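Visitor: What would the 3D arrangement of this be:
(chains A, B, C and D)
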There are 2 protein chains.
Amino acid sequence: MCLVRGVQLTPIRQQVLVLIWDSHKAVKAYDLLDRIKPQQNAAKPATIYRALDFLIEQGLIHRAGSLNAFIGCSCSDHQHELLLLICKHCNEVEERATPDVMQALSQEFNQAGFTAHSKAIEAHGICGKCSDFHSIS
Amino acid sequence: MCLVRGVQLTPIRQQVLVLIWDSHKAVKAYDLLDRIKPQQNAAKPATIYRALDFLIEQGLIHRAGSLNAFIGCSCSDHQHELLLLICKHCNEVEERATPDVMQALSQEFNQAGFTAHSKAIEAHGICGKCSDFHSIS
DNA sequence: TCAATAAATGTTATATTATAACATTACATT
DNA sequence: AATGTAATGTTATAATATAACATTTATTGA
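Guide: I've put the predicted structure just below:
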């Protein structure tokens, strides 16, 4: 994908991307910094934030504003405007493409005369797995 | 409203709320800290963050996660799950109640088996006023 | 090819945002 | 008055993020 776009997925950027995809939880920048140290001994905050900026620009990850954390984008090649379902219990983040919601949103933008460049929806609550577990036990 | 709920809108909390409502832009915590100093000489970060926590709990303000900033909630008495339209040009934030979007969202939660406790939608772009201005000039 | 340019990274420092932990005060209830 | 609770004061520090400038690496174009 990066090849096609003529941008470089350098080792640092790739390592950060892999670390983010290592779990389905939102990851903090400084956790990434700690975890990239074995491979990038000289890594500093700027190292991470630059990689994050790049990955966000390319639509490969999202910033979860409500958490000050980052999460891989599972639909990078098509639209990556999506809904993040953040579980308070297991901390996993589910991403969903939401055509209906997005269409309703677009209408709202039109009504408001607003030109949207980016949009983000974040919901906090309890995911299916965790509520199943609780109701069983 | 706070009376009805049996919670205290103390001077500090009220002053913070007023300061937030002083503009329709999202306000940073440390700006609030500076601006409350004339009235609350002893104010420290904790002073502000405690007031902000209270106001968020009561649904009187929102945290705009994508900005690390805070904005008054114009619909505190009914549902305060809403859409924030953040203008990159004038920095004003318009809030809109969005029944259609919220309904589509609820369906999405059902499908995902997700129990939502809170939801936030933030859009970045250019507001009507600013795009009018640009197209005229 | 090689100089010029641009892109990425290294490095140091610091700015910004937020919370922890414990002390004190204010006020209500018994 | 004693007790409890909510709010605030106070000090310190943690966590998140960027600025600014130097150096290295990749790309381009003569």
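
Visitor: And the longest strand anywhere in chain A, what's buried?
Guide: In chain A, assigned by DSSP state E, the strand with the most residues is strand A:115-126. The neighbour-count check on strand A:115-126 (16 or more other C-beta atoms under 10 Å in any protein chain shown) flags A:115-116, A:119-126 as buried. For glycine as for every other residue, the C-beta is placed from the backbone atoms N, C-alpha and C.

Visitor: Among the residues you listed, which ones lie close to chain B?
Guide: Among those, the ones lying near chain B by C-beta under 8 Å from any C-beta of the partner chain are A:115-116, A:119-126.

Visitor: thinking again about what came up before, ok and the longest strand of chain A relative to strand B:115-126, angle-wise?
Guide: Strand A:115-126 runs at 160 degrees relative to strand B:115-126, counting by axes from the mean of the first three to the mean of the last three C-alpha atoms, to 10 degrees.

Visitor: Strand A:115-126 vs DNA strand D: in contact?
Guide: No: against DNA strand D, strand A:115-126 shows no contacts by C-beta under 7 Å from any atom of the strand, the least distance being 13.6 Å.

Visitor: right, is that strand up against DNA strand C?
Guide: No: using C-beta under 7 Å from any atom of the strand, strand A:115-126 stays clear of DNA strand C, coming no nearer than 13.7 Å.

Visitor: Direction included, what does that strand pair against?
Guide: Using DSSP bridges, the strands paired with strand A:115-126 are strand A:83-87 (parallel), strand B:115-126 (antiparallel).

Visitor: could you redo these as JSON lines and give each row distance to residue B:60?
Guide: Compiled in JSON lines, the strands paired with strand A:115-126 are given as follows (distance: least, C-beta to C-beta, whole Å):
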{"stretch": "strand A:83-87", "distance to residue B:60": "23"}
{"stretch": "strand B:115-126", "distance to residue B:60": "15"}
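
Visitor: Which one of the ones you listed lies nearest to residue B:100?
Guide: For these, proximity to residue B:100 was assessed by C-beta to C-beta; strand B:115-126 is nearest, at 12.2 Å.

Visitor: What are the contacting residues of that closest one?
Guide: A:65-66, A:85, A:88, A:105, A:109, A:114-126, A:131, B:62, B:64-66, B:81-89, B:98, B:101-102, B:105-106, B:109, B:134 (C-beta atoms under 8 Å, 6 or more residues apart in numbering or on different chains).

Visitor: repeat for stretch A:53-65
Guide: A:1-2, A:5, A:7, A:13, A:16-17, A:20, A:26, A:52, A:69-73, A:76, A:80, A:82, A:84, A:86, A:93, A:95, A:120, A:122, B:64-68, B:122.

Visitor: List buried residues within those.
Guide: Neighbour counting by 16+ other C-beta under 10 Å classes A:13, A:16-17, A:20, A:26, A:52, A:69-73, A:80, A:82, A:84, A:86, A:93, A:95, A:120, A:122, B:64-67, B:122 among these as buried.

Visitor: Out of the residues you listed, which sit inside strands?
Guide: Those of the buried ones among the contacts of stretch A:53-65 mapping onto strands are A:69-72, A:84, A:86, A:93, A:95, A:120, A:122, B:64, B:122, per DSSP E.

Visitor: Dump those residues to JSON lines, plus distance to residue B:44 and pLDDT.
Guide: Shown next, in JSON lines, are these (distance: C-beta to C-beta, whole Å; pLDDT from 0 to 100):
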{"residue": "A:69", "distance to residue B:44": "27", "pLDDT": "98"}
{"residue": "A:70", "distance to residue B:44": "30", "pLDDT": "98"}
{"residue": "A:71", "distance to residue B:44": "33", "pLDDT": "97"}
{"residue": "A:72", "distance to residue B:44": "38", "pLDDT": "94"}
{"residue": "A:84", "distance to residue B:44": "33", "pLDDT": "96"}
{"residue": "A:86", "distance to residue B:44": "30", "pLDDT": "97"}
{"residue": "A:93", "distance to residue B:44": "34", "pLDDT": "96"}
{"residue": "A:95", "distance to residue B:44": "39", "pLDDT": "93"}
{"residue": "A:120", "distance to residue B:44": "32", "pLDDT": "94"}
{"residue": "A:122", "distance to residue B:44": "30", "pLDDT": "96"}
{"residue": "B:64", "distance to residue B:44": "23", "pLDDT": "97"}
{"residue": "B:122", "distance to residue B:44": "29", "pLDDT": "97"}
